[in-house]
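Visitor: I'd like to go over a predicted model; first the sequence, then the structure.
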Amino acid sequence: MEVLSSRVLLSPADFARSRRWYTEILGLRVYREFGAGGEVTGVVFFLGGGYLELSSAGGPAPVTLWLQVPDLAAEHERLAATNEVKVVTEPATMPWGLREMWIEDPDGVRIVLIEVPEDHPIRTRLEVVTSD
């Protein structure tokens, strides 16, 4: 599998507390923030060669791997053919425009495979926010 970028996703019990801790205490630099209606519901931090994302959305597990691939349909076909990968959700385009497919490793760790379409804003807009 060719992975273009990756993230570790955390769904903390208290998003605001964790956001402050990673920003102010640990001192990680913010790559981007996202949300709706003026409310920040997620923040992505630089983490060396990858990223750390905190999300207030909560999820089925406190830790998830986020792997960006160039061709989600091809990965779905390849992984499903092995009969050794549990496909939790089939590939689909999400309301935010990314193509996603969820799988689990043998221990139940959730992994989301992402394809960013060519016309998606994430390819053209990079906002680096620093806390001063």
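Guide: Great, that's in hand.
Visitor: name all residues that make contact with the spatially most central residue of the chain.
Guide: The centroid of the chain falls nearest to Trp66 when counting by C-alpha atoms, centre = their mean (4.3 Å). Contacts here follow C-beta atoms under 8 Å, 6 or more residues apart in numbering; on that basis Trp66 touches 6-9, 51, 53, 111-112, 114. Using the backbone N, CA and C atoms, a C-beta is placed for each residue, glycine as well.
Visitor: widest-spaced pair of those residues?
Guide: Within the contacts of Trp66, Tyr51 and Ile111 form the most distant pair, 15.0 Å apart (C-beta to C-beta).
Visitor: of all the helices and strands in this structure, which has the lowest average confidence?
Guide: strand 63-68 (a mean of 85; mean pLDDT, DSSP states H and E).
Visitor: in its sheet, what does that one sit against?
Guide: strand 5-10 (antiparallel), strand 110-115 (parallel) (DSSP bridges).
Visitor: could those strands go into TSV alongside mean pLDDT?
Guide: Output for the strands paired with strand 63-68, formatted as TSV (pLDDT from 0 to 100):
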stretch	mean pLDDT
strand 5-10	88
strand 110-115	90
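Visitor: just these: most buried one?
Guide: Of all the strands paired with strand 63-68, strand 110-115 carries the top mean neighbour count, a mean of 19, counting by mean count of other C-beta atoms under 10 Å.
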